[in-house]
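J.: A predicted structure for the sequence below; I have some questions about it.
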Amino acid sequence: MKRERMKQAFLTVKVSGFLFLLMLTCGFASEKTLPIVEGEKVVAMVNDEPITLKEFEQELKALPQAERDKNREALLKRLVNTRLIIQEAKRMGLQEIPELKDRVDVFSRVTLREDLMERHVKNIKPDEKEVEKVYKNSVKEWKVKSVLFEKEEDAKEMEKAIKEGKDFDKTLKKFLADKKGRGETESQYLKGKDLLPEISQAVSKMEVGSISPILRIKSGFVILKVEGVRFPENPEAKAEARQAVLRRMEKESLVKYDKALKKKYAKVNEEVLKGLDFESKELGFEKLLKDKRVVAKIKGEKPITVGEMTEYLRQQLYHGVERAIESKRLNKRKDLILDEMIRKRVFRKEALRLGLDKTESYQFRVKEHENALIFGAFVKKAVAPDIQLKEDELKTYYNKNIKEYTYPEMMRISNLAFSKREDAEKAMGNLRKGTDFQWLKSNAEGQVDRSTQGVYHLDGQLLTTKDLPEEVRNAVSGAKSGDFRLLAGSEKYFYVYYIQEVIPSQPQPYTEAREKVAQKIYDDKLKRAVEDYADKLRALSDVKIYLKDN
């Protein structure tokens with residue numbers, strides 16, 4: 001009946017005579033001259049069923065911006081093919097499969113609740129004072145000078161000297177010179193995440209200029225001094241802080257909304273809930289599944305019974321009921337289970353009251369989900385069974401496309417960053433003469449502070465060369481294990497790269513690649529088979545296209 005109404009509506013907007021014939025013959029129509037069916041512009045008709053301009057544009061938005069113009073015609077063809085297959089699937093009655101209908105129902109309920117929550121929080125703005133607080137905590141850096149002792153008595157000796165009024169820097173130099181402690185005389189700016197948890201916790205409570213007590217860590221004992229605090233500009237961290245505050249505020253608002261809706265619509269039978277024993281051997285879990293006692297009333301809806309609550313709980317027990325009963329975990333969860341069931345009911349009820357199920361966006365998403373499931377069911381039933389793979393074709397594909405199944409070149413690299421070329425060249429010279437890289441890292445002059453924004457650091461990570469920044473990739477290209485390379489970076493810093501290890505590119509053995517090869521060939525065959533099926537359906541169908549690329 002609906003299809004007939006659409007057909008009649010379509011007939012009323014046909015352009016007449018030669019102009020309409022020209023549009024069909026040439027295959028072109030601007031969006032301004034597209035036919036209109038039931039108030040919607042139509043880009044194609046598939047057996048009297050319209051594909052609207054709105055549907056087309058929504059699919060087009062999912063494509064990357066650079067691909068939209070050149071893929072309009074291919075996209076429209078895909079939409080037509082999809083519609084043809086869905087129509088065929090419906091003629092086969094696949095939409096009536098109980099499992100499919102259940103999945104659509106679950107999706108529609110979840111989507112409705114999500115729409116209500118989104119509607120509730122859409123006008124919430126983050127508290128800028130709280131954003132600033134979170135942001136500063138995330139970027140805060142402490143200028144720290146520290147010394148590490150292996151022996152506690154040495155740490156206590158330094159602590160005593162400082163308490164007696166001796167200068168921290170002079171005391172530090174003395175203990176370093178006497179080899180009683182390890183550290184640096186120069187302080188460094190460090191983020192909290194770069195420090196050991198026990199050190200970060202201590203530093204976060206210290207004032208500038210203060211000296212810590214002895215801090216015990218896994219590798220020994222530490223005394224440190226905080227010489228400064230700074231908050232580097234970091235737009236990305238600021239955006240993350242704003243999102244974190246917004247998410248927290250939204251969550252708090254939804255918790256309050258949840259309580260208000262439960263108070264408005266639900267009433268729990270506390271006596272039944274309190275006496276409910278899921279772990280009772282006498283009563284038994286199976287008997288509870290048939291229990292009709294009401295645990296909670298929902299205004300204007302069917303109540304939640306013990307049986308429904310028991311079934312809901314059973315569905316969440318992935319390791320079985322008996323195992324959960326033995327571990328005494330069921331009764332601890334009953335309040336949470338009921339709370340979750342009520343939340344779903346009242347959110348859905350409120351969404352229906354507000355008419356969110358009537359909105360175009362909601363109905364479109366549910367329909368799209370249902371169509372996707374129907375499409376998948378058709379492919380699984382009518383197309384996939386005929387797809388076969390042969391071992392020789394897998395091997396042939398593997399040999400022809402060996403580059404796709406090749407382990408990439410990898411390098412283990414460390415680097416030093418300098419502000420002056422002469423300092424970088426001096427470091428290169430020392431390394432080539434045999435100076436230890438780690439010693440040079442601790443002692444070379446002119447190095448840029450590691451916390452300086454824009455400085456690129458590598459500390460011996462094993463990385464694929466293709467993932468390195470282009471200028472770094474070019475600098476280390478062709479390097480062998482043990483090589484050193486010099487690079488003038490785009491940020492006006494000079495880098496010395498130490499290539500510690502090179503793992504060359506090599507083909508992945510067929511036995512390891514076989515699964516990926518099989519999946520690739522299967523996917524290609526399935527795609528072609530679906531397109532072939534759609535082409536056959538199209539030859540037997542009435543398909544009109546009103547929008548094509550010029």
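T.: Received the coordinates, thanks.
J.: distance of the closest residue to residue 240 other than its chain neighbours from residue 277?
T.: With CB to CB, 6 or more residues apart in numbering as the criterion, residue 240 has its nearest non-adjacent residue at 7.2 Å, and that residue is residue 138. C-beta: built from backbone N, CA, C; applies to glycine. From residue 138 over to residue 277 the distance is 48 Å, taken as CB to CB, to the nearest Å.
J.: Those two: which is more packed in?
T.: Neighbour count, other CB atoms under 10 Å: between residue 138 and residue 277, residue 138 has more, with 17 against 13.
J.: wait, residue 294 sits on residue 272?
T.: Yes. Contact criterion CB atoms under 8 Å: residue 294 and residue 272 qualify, at 6.9 Å.
J.: Surely residue 482 touches residue 497?
T.: No. Between residue 482 and residue 497 there is no contact under CB under 8 Å: 11.8 Å.
J.: Output the below-cut-off pLDDT ranges for the protein.
T.: Along the chain, the parts satisfying pLDDT under 70 run over 1-32, 319, 451, 489-491, 548-550.
J.: which stretches of the stretch 401-550 of the chain form helices?
T.: 421-432, 437-443, 470-476, 510-539 (DSSP state H, counting those that start in this stretch).
J.: and if you look at the stretch 251-400 of the chain?
T.: Using DSSP H, counting those that start in this stretch, helices in the stretch 251-400 of the chain cover 270-275, 285-288, 306-315, 321-326, 330-353, 360-378, 391-400.
J.: Kindly report the same for the stretch 101-250 of the chain.
T.: Under DSSP H, counting those that start in this stretch, the stretch 101-250 of the chain gives helices at 128-139, 152-163, 168-177, 197-203, 235-265.
J.: Could I get the buried residue list for the longest one?
T.: It stands for helix 235-265. By neighbour count on 16 or more other CB atoms under 10 Å, the buried set for helix 235-265 is 237-238, 241-242, 244-246, 249-250, 254, 257-258, 261-262, 265.
J.: Likewise for the fourth one?
T.: Buried residues in helix 197-203, defined by neighbour count with 16+ other CB under 10 Å: 199, 202-203.
J.: Check which helices and strands that helix sits against.
T.: Applying 3 or more CB pairs under 8 Å, 6 or more residues apart in numbering; DSSP states H and E, one finds that helix 197-203 contacts strand 215-217, strand 220-230.
J.: Can you give me the end-to-end span of stretch 430-443?
T.: Start and end residues of stretch 430-443 are separated by 12 Å (CA to CA, to the nearest Å).
J.: can you list the residues that contact that stretch?
T.: The contact list for stretch 430-443 (CB atoms under 8 Å, 6 or more residues apart in numbering) reads 184, 414, 416, 427, 444, 447, 484, 496, 498.
J.: and if we set it to 10 Å?
T.: Applying CB atoms under 10 Å, 6 or more residues apart in numbering, the contact partners of stretch 430-443 are 184, 414-416, 426-429, 444, 447, 459-460, 482-484, 496, 498, 500.
J.: among these, which ones are buried?
T.: Buried members of the contacts of stretch 430-443, counted by 16+ other CB under 10 Å: 414-416, 426-428, 444, 447, 483-484, 496, 498, 500.
J.: Which of those fall within strands?
T.: 414-416, 484, 496, 498, 500 (DSSP state E).
J.: now those residues in JSON lines, with distance to residue 65?
T.: JSON lines is the format used below for those (distance: CB to CB, whole Å):
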{"residue": "414", "distance to residue 65": "39"}
{"residue": "415", "distance to residue 65": "36"}
{"residue": "416", "distance to residue 65": "40"}
{"residue": "484", "distance to residue 65": "42"}
{"residue": "496", "distance to residue 65": "40"}
{"residue": "498", "distance to residue 65": "41"}
{"residue": "500", "distance to residue 65": "41"}
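J.: out of the helices of the stretch 401-550 of the chain, which comes closest to residue 362?
T.: helix 510-539 (28.7 Å; CB to CB).
J.: From the contact counts, what lies against that closest one?
T.: Secondary-structure packing of helix 510-539 (3 or more CB pairs under 10 Å, 6 or more residues apart in numbering; DSSP states H and E): helix 72-91, helix 360-378, helix 391-400.
J.: circling back: tabulate the helices of the stretch 401-550 of the chain (CSV), appending distance to residue 399.
T.: As requested, the helices of the stretch 401-550 of the chain are exported to CSV (distance: least, CB to CB, whole Å):
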stretch, distance to residue 399
helix 421-432, 43
helix 437-443, 42
helix 470-476, 29
helix 510-539, 9
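J.: Relative to residue 384, which of those is closest?
T.: Minimum separation from residue 384 across the helices of the stretch 401-550 of the chain (CB to CB) falls at helix 510-539, 6.5 Å.
J.: tell me the domain ranges of the chain?
T.: 2-95, 141-230, 269-353, 409-504 (automatic domain parsing).
J.: Format the ones you listed as TSV; extra columns: distance to residue 389.
T.: TSV is the format used below for the domains of the chain (distance: least, CB to CB, whole Å):
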stretch	distance to residue 389
domain 2-95	23
domain 141-230	48
domain 269-353	33
domain 409-504	30
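J.: among those domains, which is nearest residue 527?
T.: domain 2-95 (10.7 Å).
J.: so residue 144 touches residue 195, yeah?
T.: Yes. Assessed by CB atoms under 10 Å, residue 144 is found in contact with residue 195 at 8.1 Å.
J.: and for the two, which residues touch both?
T.: 203, 224.
J.: And the residue of the chain most remote from its centre, its phi and psi?
T.: Distance from the centre of the chain peaks at residue 164, with 54.9 Å (CA atoms, centre = their mean). Note on residue 164: backbone dihedrals following degrees, to the nearest 10 are phi -80, psi 0.
J.: What's the separation between it and residue 214?
T.: Distance from residue 164 to residue 214, by CB to CB: 15 Å.
J.: Same check on residue 291?
T.: 63 Å.
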